[in-house]
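>>> My questions concern the predicted model and sequence given below.
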Amino acid sequence: MKLAIMQPYFSPYIGYFQLINAVDKWIVFDIVQYKRHHWINRNRVLHPNSGWQYIIVPLKKHPRDISIKDILVDNGIDWKNKIIRQLQHYSKKAPFYTETINFLKECLFAEYYNGSSLLKLNTYILKKICEKMNIRFDYAICSEMDLQFEEIKQPGEWALTISEQLGAEEYINPYGGKNIFNPAKFKEKNIKLKFLKCNSIEYEQKGYKFVSDLSIIDVMMWNSEYEVSSMLNRYELIT
């Protein structure tokens, strides 16, 4: 079994979905502390004039040391319609605007999500995007699993501990996090450790100087499902 473990990002970039597509099992890692100014409740799309802007899911006030699983969305703010309005400028030039905006509305206003859990919102959106792109998304929520954790001394030990308990033969992580892992410890447990490095992906953003690594929403605005599917394999695995 090939395993990946990631925090539940909000409408993440294409590399996140490349990783989902590369593994057999996905663990939604929700038991660690929520970090402000991260990708859990925000992402980036094109700005109407130039560059990019954030789309943000507002959160209720919470303690600084709160876990991701306990973060709540502030539904007292009309954030869903605000995000839809922030994307309206795509209608002028993006060929798949109507299809994408309707899909996003279905995700944000789904009856399934009639609460305030950011974890459930993000996981649901990930699931729906994977369905749309025909990606197998066999996932489990870390906090709902019967996993045992002793003292974790280094960040890379979370993945090692979970991989060992689930019987994973291979663990794959985004290349950017390579430095937190100790390959010798994985080898000692007979678990292959690999890193997914996303190849350069560029597509036409009509009227804009290309901005890379935006939310998957931007990718879907400018590309057909076939084109997006072809992007999922533009990576290399490095040991």
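Received it, and whenever you're ready, just let me know what you need.

>>> Give the partner strands of whichever strand in the chain runs longest in its sheet and their orientations.
Counting by DSSP state E, the longest strand found in the chain is strand 192-198. Using DSSP bridges, the strands paired with strand 192-198 in its sheet are strand 170-174 (parallel), strand 235-238 (antiparallel).

>>> Work out the gap between the helix or strand following it and the centre of the chain.
Next in sequence after strand 192-198, counting helices and strands by DSSP states H and E, comes helix 216-222. Between the centre of helix 216-222 and the centre of its host chain there is 14 Å, according to CA atoms, centre = their mean, to the nearest Å.

>>> and what of stretch 85-97?
Using CA atoms, centre = their mean, the offset of stretch 85-97 from its chain centre is 22 Å.

>>> average model confidence for that stretch?
In this model, stretch 85-97 has a mean pLDDT of 98.

>>> before we move on, what about stretch 37-47?
Rounded mean pLDDT across stretch 37-47 is 96.

>>> Just the buried positions in it, please.
39, 40, 41, 42, 43, 44, 45, 46 (16 or more other CB atoms under 10 Å). Bear in mind the C-beta positions are built from the backbone N, C-alpha and C, glycine included.

>>> Report the contact partners of the residue lying farthest from the centre of the chain.
The C-alpha centroid of the chain is most remote from residue 188, which lies 29.8 Å away (CA atoms, centre = their mean). Applying CB atoms under 8 Å, 6 or more residues apart in numbering to residue 188 gives no contacts.

>>> The one 3 residues further on now?
Residues in contact with residue 191 (CB under 8 Å, 6+ apart) are 160, 163, 164, 168, 169, 170, 171.

>>> count of residues packed around the last one?
I take that to be residue 171. 26 (other CB atoms under 10 Å).

>>> next one: the first one
A count of nearby residues for residue 160, using other CB under 10 Å, gives 21.

>>> just the buried residues of stretch 37-47 now: which is nearest residue 147?
Residue 147 has its nearest neighbour among the buried residues of stretch 37-47 in residue 40, at 20.8 Å by CB to CB.
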